[in-house]
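**Student:** Just the structure for this:
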Amino acid sequence: MLPYKFKAIITLVKKELVDLAHELQSLVPLHICGKTHKIVDQMTDTGADVISIDKCDLGLAREKVAGRALILGNIDPADEMLFGPAERIHSACIEAIDTMKGYSYRVLSRCKPA
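**Tutor:** Residues are numbered from 1 along each chain as shown. Alright, predicted model coming up:
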């Protein structure tokens, strides 16, 4: 999604929904499919408690989210989970955990393959 479209259309609506959910004492996850590296900071600006990323560099996400939300995701469901041998799955998970060491992060696969 293009950053200007996300900001113009989605941020305001999502912020209202997130605020309402927080008034009801609910935690709010936010997931956007596809490449999110250009909007991960705007995703966080909605006030969501959990940012679920799809195709986004974890180091960049960590920098942009900056402790404002839990990050989850980013393990490729096809190359690593579906077709990868156990060693590759393990390696991808360990790499993600190492990148996010000291940060509130959970390993999860990205969106399902098309």
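
**Student:** What's the local residue count around the residue nearest to P77 when sequence neighbours are not counted?
**Tutor:** Excluding its sequence neighbours, the residue lying closest to P77 (CB to CB, 6 or more residues apart in numbering) is S109, at 4.3 Å. C-beta coordinates here come from the backbone N, C-alpha and C atoms, glycine included. Neighbours of S109 under the rule other CB atoms under 10 Å: 19.

**Student:** which ones are touching S109?
**Tutor:** Counting by CB atoms under 8 Å, 6 or more residues apart in numbering, S109 touches 73, 75-77, 80-81.

**Student:** same thing but at 7 Å, please
**Tutor:** 75, 77, 81 (CB atoms under 7 Å, 6 or more residues apart in numbering).

**Student:** Local confidence estimate at it?
**Tutor:** On the pLDDT scale, S109 is placed at 84.

**Student:** Need phi/psi at the residue of the chain positioned farthest from its centre.
**Tutor:** Relative to the centre of the chain, and counting by CA atoms, centre = their mean, the farthest-placed residue is P85 at 24.7 Å. With angles defined as degrees, to the nearest 10, P85 sits at phi -70, psi 160.

**Student:** For the remainder of this discussion, apply numbering that starts at 153.
**Tutor:** OK, 153 is where the count begins now, so the last one is P237.

**Student:** End to end on stretch 223-231, go ahead and measure it.
**Tutor:** 21 Å (CA to CA, to the nearest Å).

**Student:** What are the buried residues along it?
**Tutor:** 223-228 (16 or more other CB atoms under 10 Å).

**Student:** any residues touching that stretch, and which ones?
**Tutor:** 202-206, 208, 210, 213-214, 217, 233, 244-245, 248, 252, 257-262, 264-265.

**Student:** Mind doing that once more with 6 Å?
**Tutor:** Contacts with stretch 223-231, where a contact means CB atoms under 6 Å, 6 or more residues apart in numbering, come from 203-205, 210, 213, 217, 244, 257-258, 260-262, 264-265.
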